[in-house]
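**Student:** My questions are about this predicted structure, shown below with the sequence.
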Amino acid sequence: MKIFISQLFDKERLITRLIASAGYSAILFVLLIFYFLISEGLPALGEVSLHSLLGTRWYPIEEYYGLLPLISGSLMVTLGATAIAMPIGIGTAVFIAEVAPRWAREILKPLVEVLGGLPSVVLGLIGFLILSPALRVNLNLATGLTAFTGSLLLAAISIPTIISVAEDALDSVPRSYRDAALALGATEWQTIWRVTLPAARSGVLTAGMLGVGRAIGETMTVMMVTGNAPVLANSLRMLFMPARTMTATIAAEMGEVARGSVHYHVLFLIGIGLFMISLVVNVTASAVVFRQRKRSERILS
Amino acid sequence: MKRVFLVVLLVTVLAVLAGCAPPDQSQPAADPTLQTAVIQNKGSDTMVNLALAWAEAYQEINPQVRISVTGGGTGTGIAALINGTVDLANASREIKAEEMKAALANGSEPVEFIAARDAIAVIVNLHNPVSELTLQQVADIYSGKINNWSEVGGEDRPIVRLSRETNSGTHVYFLEEVLRMGIAGDKTLFSTDTLLLPSSEGIIVEVRDNPNAIGYDGLGYVVPEVKVIALGRSAHEPYILPSAATVAQGSYPISRDLYIYTVGQPTGATLSYLQWILSTDGQNIVIALGFVPIASP
Amino acid sequence: MNTSQQRNLIQKAGFGMLSVVALLTVLPIVLVVGYIFYQGLPAISFEFLTGLPREGMRAGGILPAIVGTIYLTIGTAIFSVPLGVAAAIYLSEYAQDNLLTRLIRLAIINLAGIPSVVYGLFGLGLFVLFLNFGTSLLAGSLTLSIMTLPVIISTAEEALRAVPQSFRVVSISLGATRWQTIRRIVLPESLPGIITGVILGLERAAGETAPILFTVAAFFLPRLPDSPFDASMALPYHLFVISTQVPGMPLKLQYGTALVLLCFVLGMNLLATTIRSRARAKRQW
C-alpha cells in the first residue's frame, strides 16, 4: 500500500512537471523566435551602414537597402486601414452589444466570425480581380493597385478583431451604470454615448490597437493588391498610389536570397522591426486591459 | 459522447502518425533503374510553365520518374542549387559570378544547359494607340524620364510602369539590356514608382485591364487580350514584333537564352530528362508554349 | 419641437447610423462569400476534387493541394494540441499569480500578435535551415503549431476555468489527487470548449499562406506527399499561385479553388460553433 501511494505521487509529480513545462514553453517560443530573428537580422547592421538603411531607395539587387519606403508604405496602408476599421468596428460592436435585437445579434456574431476566418489569399483574390479595377475606374486612378486598396482589405481583416475585443469591453461595463443613467432620464443613445462608451474607453482603445497590430502584420492580401512599388510615402496623397509594405517585401524576396547574404540579413532585420512593433502594440494593449481590470476591481470592492 | 470524441481523436492521430512515418528506408538503396527517381526542379518564373509542361509530358512516358517543379524566380532556383536542395535550377539569365563562386565554395560546380530561347515582349493595353517604341523610349519610360503617354505619341494619360519583382531573371535582364542598354557600369535604375508585381500573370492582368499600363513579359506569357509593341533599336531602324522567327533571325532586339543548371555533370534520371528536353519532343513543347526552340527550324 | 422629441430623434438617427455601420460590416462578407460560391460552384466536380493537376494546372484537379492542407492541419494539431492544452491546464489549474505566470501570459499575448510572415521567417531559420528539415510538411506543421498555440491555450484555458470550482473541491475532498481531478472531472467537463478552441486555432492555420511560403509550399507537385519530409502543395498557396502566377488560368478554376478553401475553413468554423452551442445547451451547471 505504501509503495502504491509513493508510485502515485511520483506519477503525479511527473505529470505536474510536464504540464508546467508546457506552460513555460510559451516563453521559450517567444525567446526562440526573438533569438532567431536577432541572430539572423542583427548582422545586417554591421554590413549595411545606418545611413543607407535610412535611405529612400529599396533595390536590393543593386545593394540599395533604404528601409524608409517600406516603413512608410506599411504605415500608410495601416493608417488607412485603421481610419476605416475603427469607426466601423467600434460602431458594429456598439450595435451588437447595446442596440441590436436578439435575432440580429444571432446573425451578426457568426457572420463576423466568418469574416475573421476568411483566408487572406481569398480576400486578396477578390481585391485583385474585383476591388482594384473598380477603384481605378470609380476614383479615376492611374492604377487600382494602391495603398488604399490594401487599406480597404486590411480594414476587413482587422474589423473582426476590433469588434470582438470592443464588444467584450462594452459587455464588462456593469449593468448598474446603464441603469443609473437611464433612471436619471437619459435616452439609451445618451447612455451609450456618455456612459457606456466612456466607461469601456480603455477596452475600446485596446481593440483599436489590436486591430492596428493585425493590419500591420498582414501579408498576402497586401502583396496581391498594393502594387509593391517601393515609393517613399511622404504625403497623404500617396494613399492612392502604389506602396510596398514590410511584410510583402519579406514574402516576395525571402525565397530568392542565399542564406547568409546581406539581403537575407536585411530581410530578417525587417522581421525584427515587425516583431518589435507587435511586441509594443500587444504589451501596451494588455497593460491597458490589466489596469482597467484593477480599477474596476477597486471600484467594485 | 465524450468518449466517442476522444476515441475519434486518438484514432486519427494514430492513423496519421502511421501514415506520416517515412514509408521505407530501403527505397534509395535498392536497384536504381527500377526505383522511382525524384527530380527537384526550381527557379525562373518565366520558365515555370515550360518546366511544368516538360515535367508532365515526361512523366507520362516515364511514370517511374517524379518531377517536382517550383517557381519563385531565377535567383531562388540558383540559391537552392547552391544550398543543394534541387537537382535542376531553371534560369532566365546566366549564373552570376558571385553565385558561381558561392557554388564552388560549397563544393559543387554548376553546369549550364541552354534549354530554349525567349523574347521579352513589351505590352500595353489594347486601347492604347501606341504600337511602336524605340528601345530608348522604353528605357526612358521605365527610368522615369517619360511619364505621360502623350510624350510617345499616345493619349494624355499617366504611364503606369509594371515590372516583375527583383528576384526575376527577366527583371535583371530588362534592367541590363533595356534600361542600361547593355552598357557596363551604367547605374540607371527603375523609377521608384514602378509597380513590382510578384508574377508574370499579375502583369498581364493589370495591362489587360488598365489603359495606362505598360509591362514586359516573356513572349510565352502574352495573351491576345494585350497589345504587343513593335520595338526599334533606334528611330531609323525598322520596328520589329517579337516572334519565333524574328528571335531566330536576331532582328528582335530583346531576346535571351533560357538555361537549366545542374550540380556537376548530370547522371541517371536527371541526365535522361535533360536529354529529352533538348530532343525534338522536348523542343516541340517549347514551340507549343510560345517560346523559341534552341535548334531554330 | 421639445427637447424630449429632439432627443428621441437623435436617438433614432444614431441607432439608424449604427445599423448602417453594422450592415457595412456584414454586407461585404455575404457578397464575397456568395460571389465565390456563385463563380466557383461550376468548377467543382469529382475530377476537380480527386484528380491531379494537368496541363500546367489549367485543368484536372487539386487533390495534392487538398491533401497537403489536410496533412498540414493534422500535423499542426499533433504538435499544438497536446502542448496547448497542457499549457492551458497549467495556467488554469496549477499556476499561481506570480511574476512567472504573468510572463507566460505576456508571452502568449505576444505569440498571438506576431505577424504570420515573421513566423515564416522563424520557421525558415529554425526548422528549414538550422534543423535541416528542408521545405517539408514537418517544418510547416511545426511553424503553424507555434502560430496556433496562443489561440488554443487561451480558448482551452477559458473552457477549463468555466468548470465550477466546487467540482474540483468535491473531487479533491473525496481523496482524488490533483491530476486525477483534472483528468476525470475537469477535462471531460471542458472538453467541448477545448475542442472548439482547437478547431478555431486549426482553422486559422489551414487558411494561412505566409508561414508556409518558405517552409512547405511547392508550386507544382503532382503527387501526394508520402513522408513528413516531403514538400507539398497546399490550398492557400495553390490559390495564390494560380491567381497570380500561371498565365491563361481559367477564372473558373481560381474561384473553384477559392471555394474549396473557403468550404474547408468555414466547415471547421461551423463545426466549432456547433460543438460550442450544443455543449452550452447541454450544460447542467
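**Tutor:** The structure has been received and is ready for your questions. Residues are numbered from 1 along each chain as shown, chains lettered A, B, ... in the order given.

**Student:** any chance you could map the strands in the stretch 201-301 of chain A?
**Tutor:** In chain order, the stretch 201-301 of chain A shows no strands, with DSSP state E, counting those that start in this stretch as the criterion.

**Student:** Which parts of it are helices?
**Tutor:** Secondary structure of the stretch 201-301 of chain A (DSSP state H, counting those that start in this stretch): helices located at A:201-217, A:220-225, A:246-253, A:262-300.

**Student:** so of the ones you listed, which one's packed in deepest?
**Tutor:** Mean neighbour counts were taken over the helices of the stretch 201-301 of chain A using mean count of other CB atoms under 10 Å in any protein chain shown, and the top value, a mean of 31, falls to helix A:220-225. Where you see a C-beta, it was placed from the backbone N, CA and C, and this is true even at glycine.

**Student:** distance of the residue nearest to the spatial centre of chain A from chain C?
**Tutor:** The structure's chain A has its C-alpha centroid closest to A:R214; by CA atoms, centre = their mean the separation is 1.4 Å. Distance of A:R214 to chain C, given as CB to the nearest CB, to the nearest Å: 8 Å.

**Student:** Relative to A:M224, how far out is that residue?
**Tutor:** Distance from A:R214 to A:M224, counting by CB to CB, to the nearest Å: 17 Å.

**Student:** got it, and C:R105?
**Tutor:** Computed as CB to CB, the C:R105 to A:M224 distance reads 35 Å.

**Student:** The residue of the stretch 201-301 of chain A found nearest chain C: what's it in contact with?
**Tutor:** Distances between the stretch 201-301 of chain A and chain C by CB to the nearest CB are smallest at A:G217, namely 2.7 Å. By CB atoms under 8 Å, 6 or more residues apart in numbering or on different chains, A:G217 lies in contact with A:247, A:274, A:278, C:113-118.

**Student:** okay, C:R183: pLDDT?
**Tutor:** We note a pLDDT of 88 for C:R183 in this prediction.

**Student:** Oops, could you answer that again for C:Y38 instead?
**Tutor:** The predicted structure scores C:Y38 at 93 on the pLDDT scale.

**Student:** how about it, secondary structure?
**Tutor:** Under the three-state scheme (DSSP: H, G, I helix; E, B strand; the rest coil), the conformation of C:Y38 reads as helix.

**Student:** That one: neighbour count?
**Tutor:** Here the neighbour count serves as a burial measure; for C:Y38 (other CB atoms under 10 Å in any protein chain shown) it reads 11.

**Student:** same thing with A:G80?
**Tutor:** Per other CB under 10 Å, the neighbour tally for A:G80 reads 24.

**Student:** Find me the pLDDT at it, would you?
**Tutor:** At A:G80, the pLDDT value in this model is 93.

**Student:** Just the element for it, please.
**Tutor:** Using DSSP states H and E, A:G80 sits in helix A:68-94.

**Student:** ok, is the very next helix or strand once past that helix in contact with chain C or not?
**Tutor:** Sequence-wise, the next helix or strand downstream of helix A:68-94 (DSSP H and E) is helix A:102-117. Yes: using CB under 8 Å from any CB of the partner chain as the criterion, contacts between helix A:102-117 and chain C involve A:104, A:107-108, A:110-115, A:117.

**Student:** Can you give me every residue that contacts C:M268?
**Tutor:** Shown here is C:M268, whose contacts under the criterion CB under 8 Å, 6+ apart are A:117, C:199-200, C:202-203, C:206.

**Student:** Just the ones in helices from the residues you listed, please.
**Tutor:** The members of these that map onto helices under DSSP state H are A:117, C:199-200, C:202-203, C:206.

**Student:** So what's the residue count around residue 196?
**Tutor:** I went with chain A, as the question did not name one. Residues near A:T196, counting by other CB under 10 Å, number 21.

**Student:** ah, no, chain C please
**Tutor:** Using other CB under 10 Å, C:T196 is surrounded by 22 other residues.

**Student:** dump the residue contacts of it.
**Tutor:** C:T196 neighbours (CB under 8 Å, 6+ apart): C:155, C:159, C:272-273, C:275-276, C:279.

**Student:** if we go to 10 Å?
**Tutor:** C:155-156, C:158-159, C:271-277, C:279 (CB atoms under 10 Å, 6 or more residues apart in numbering or on different chains).

**Student:** Which positions in the stretch 1-150 of chain A make contact with chain B?
**Tutor:** Proximity of the stretch 1-150 of chain A to chain B (CB under 10 Å from any CB of the partner chain) is limited to residues A:56-62, A:64, A:66, A:69, A:128-129, A:132-133, A:136-137, A:141-146.

**Student:** are any of those buried, and which?
**Tutor:** Buried residues within those, defined by neighbour count using 16 or more other CB atoms under 10 Å in any protein chain shown: A:57-61, A:64, A:66, A:69, A:128-129, A:132-133, A:136, A:141-146.

**Student:** For chain A, what's its nearest residue on the stretch 1-150 of chain C.
**Tutor:** Closest approach between the stretch 1-150 of chain C and chain A, counting by CB to the nearest CB: C:P115, at 2.7 Å.
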